[in-house]
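Visitor: Model the structure of this input:
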Amino acid sequence: MKNSIYKFQRLCLLVLAMTTWSCNDFLDLEPETSLSSAVALDNIEGVEAAINGAYSVLQSDWVERQFVFAECLAGNVFEVNAINNTNYQDALRHQTWTDLFNTANYLWDMSFRAIDLANQVIQAVPEIPEPNQQISNDKKRLIGEAYFLRGMNYFVLNRFWGQPRNGLSVPMPLEPYQPENTPSRATIQEVQNQVIADLKEAEIQMAGVESNSNRATIWAIKGLLARVYFEYKDYPNAAAYADDVIRNGRVEGKKLALLSGDLSPLYSASVTTENIFTFMATPRDRANNRLFEMFSLEGSSAVELSMSAPFWRIISKSKKDLRIEQFHEDFNTAFACHKFNDRDMNIPYLRLAEIYHIRAEANANGGQLDAALSDLNVLRERAGLDPTSFADQADLMDQLFRERSLELSMEGDNLHNMKRLQMDVGGYPWEEAIYKLVFFIPEKEIQLNPNLVQNDTW
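Guide: Reported below is the predicted structural model:
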């Protein structure tokens, strides 16, 4: 009886939320994130507030939903306790489909809120007077952060909404929102090109900015470019950017370096020498609240989403691996993830271990197998394992895939990595996964914008 009441209450809340959303126009901004007045952005302080607003939009649910969505779509988790996320996994995979349960809508909304704030900054900053060098430097930094944030958001949107069957991705406004705007969907390739163009412009504007109060720096930009080029299979550029970050990267004045031994500081309220770009928790907004509820055993009797048995078999080859200690099998034979045990933790969005993996596999794709093996063994040593070797390129690639799957497990990477490698994903052959494991455009956007084409149903 209690479960039925709970589900009814949850359904009422979802209906209320959908009713509220249906009254909004495309990219309609809530007051706390809207800074569209000219007065707000005619000075450095106003622009700084706008950039802070964009980070604020992204620092919690935007990150969490990417992680959870990707792990669900990849089939790496299964629901243990479905009461608190009614049909959550099935809805994400469109096995239970109504717009009411399209929980991906929120990721769409947050991304476009951040993009609009970035567009406002990009338009406003050139008009701000430069009475001194400090203002000039601040302008370059802020416009660089805006390009970084816009490029990062279009990269994420393209991952989840780009539909290879029709070649379309998302609308791609590059100027501040106007009520009369009804943009069509850009193509996947157009969005990819814009992501790279934005991040390259950010790289120019933020050259030399190595410390920025735990916000984006030149090394966050270069690290994200390594990730982007890698996913787009431009392995020479991916290797070059990864190499630069590994050799020269810094975080808040300290040289980037892998942790050793205890890896728990990576998932805490601190920022380690391995954190290239981190979403910071604040007293007002816990960045990790939802991941804690989904994956942690702390303070609860069961996890909501457990690692699936097939994925566990892939990553658990060595029980001596320090990274395996981040998982725990409870009495329901469900695997909890200790990475997210601290509600007040900062969330590492881009860290050095991933960059080592990028350089290793990019080099392996280029035939530099010994260099790739060297990076792989650096990561194995960090995890408490002995060095390994390989029989041939295929064997090395298999090892790299397994190690990356473990290193970035429950961090939303595996889905996109398997798509890049053209592997079977989430129970589908690759040819089906690339169009089935993407989201539909939110129905409210289709209703309000006649130029939007919905992704195909299947």
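Visitor: all contacts plus neighbour counts: C-alpha atoms, from now on.
Guide: OK.
Visitor: would you list every one of the strands in this protein?
Guide: With DSSP state E, the ranges of strands along the chain come out as 77-79, 168-171, 185-187, 250-251, 254-255, 275-279, 305-307, 327-329, 335-337, 347-351.
Visitor: Least confident of the ones you listed, on average?
Guide: The weakest mean pLDDT among these belongs to strand 327-329, with a mean of 77.
Visitor: Quick check: the gap between N166 and N455.
Guide: Going from N166 to N455 by Cα to Cα, to the nearest Å gives 8 Å.
Visitor: Settle it for me: which of the two has more neighbours?
Guide: The neighbour comparison of N166 against N455 (other Cα atoms under 10 Å) goes to N455, with 21 against 14.
Visitor: so what's the more buried one scoring on pLDDT?
Guide: If you check N455, the pLDDT there is 87.
Visitor: contacting residues for it?
Guide: Q163, N166, F439, F440, I441 (Cα atoms under 8 Å, 6 or more residues apart in numbering).
Visitor: Could you tell me which residues make contact with W108?
Guide: Contacts here follow Cα under 8 Å, 6+ apart; on that basis W108 touches L157.
Visitor: Kindly provide the distance from N248 to Y241.
Guide: Look at N248 and Y241: by Cα to Cα, they are 10 Å apart.
Visitor: Of those two, give the one with the bigger neighbour count.
Guide: Neighbour count, other Cα under 10 Å: between N248 and Y241, Y241 has more, with 24 against 11.
Visitor: count of neighbours near D386?
Guide: D386, neighbours per other Cα under 10 Å, totals 11.
Visitor: Distance check, it against S318.
Guide: Counting by Cα to Cα, the separation of D386 from S318 is 11 Å.
Visitor: Which residue ranges of the stretch 301-450 of the chain form helices?
Guide: Along the stretch 301-450 of the chain, the stretches classed as helices by DSSP state H, counting those that start in this stretch are 309-315, 352-365, 369-382, 393-407, 414-420, 430-436, 443-448.
Visitor: so which of those helices is the most packed in?
Guide: helix 352-365 (a mean of 24; mean count of other Cα atoms under 10 Å).
Visitor: was I right about T182 contacting I446?
Guide: No: judged on Cα atoms under 8 Å, T182 makes no contact with I446 at a distance of 10.2 Å.
Visitor: ok, for P310, nearest residue in space, not its chain neighbours?
Guide: Nearest in space to P310, with sequence neighbours left out and distances taken as Cα to Cα, 6 or more residues apart in numbering, is N76 at 7.5 Å.
Visitor: who touches that neighbour in this structure?
Guide: For N76, the contact set (Cα under 8 Å, 6+ apart) comprises M307, S308, P310, F311, G426.
Visitor: What is the nearest of those residues to K200?
Guide: Nearest to K200 among these is G426, at 33.5 Å by Cα to Cα.
Visitor: mind checking pLDDT for that closest one?
Guide: Note on G426: pLDDT of 87.
Visitor: quick one: contacts for it?
Guide: Counting by Cα under 8 Å, 6+ apart, the residues that G426 touches are L73, A74, G75, N76, A433.
Visitor: Let's see which of the residues you listed end up in helices.
Guide: Counting by DSSP state H, these place L73, A74, A433 in helices.
Visitor: nearest to L400, of those residues?
Guide: The closest of the ones in helices among the contacts of G426, once distances to L400 are taken by Cα to Cα, is A74, at 18.2 Å.
Visitor: quick one: pLDDT of the closest one?
Guide: So, for A74, pLDDT stands at 92.
Visitor: right, and it touches V425 too?
Guide: Yes: using Cα under 8 Å, A74 makes contact with V425 at a distance of 5.6 Å.
Visitor: and for these two, which residues touch both?
Guide: L415.
Visitor: how about the helices of the stretch 101-250 of the chain, start to end?
Guide: So, for the stretch 101-250 of the chain - with DSSP H, counting those that start in this stretch - the helices run 105-124, 133-161, 188-205, 218-231, 235-248.
Visitor: which helices and strands sit right next to the second one?
Guide: The helices and strands touching helix 133-161, judged by 3 or more Cα pairs under 8 Å, 6 or more residues apart in numbering; DSSP states H and E, are helix 44-58, helix 105-124, strand 168-171, helix 188-205, helix 218-231.
Visitor: Give me the buried positions along the third one.
Guide: Judged by neighbour count using 16 or more other Cα atoms under 10 Å, the buried positions of strand 168-171 are L168, S169, V170, P171.
Visitor: Roughly how far does the last one sit from R150?
Guide: If I follow you right, that is P171. Using Cα to Cα, P171 is found at 13 Å from R150.
Visitor: What residues does R284 make contact with?
Guide: R284 touches nothing, counting by Cα under 8 Å, 6+ apart.
Visitor: Give me the pLDDT value at it.
Guide: If you check R284, the pLDDT there is 71.
Visitor: And it, how far from K339?
Guide: 22 Å.
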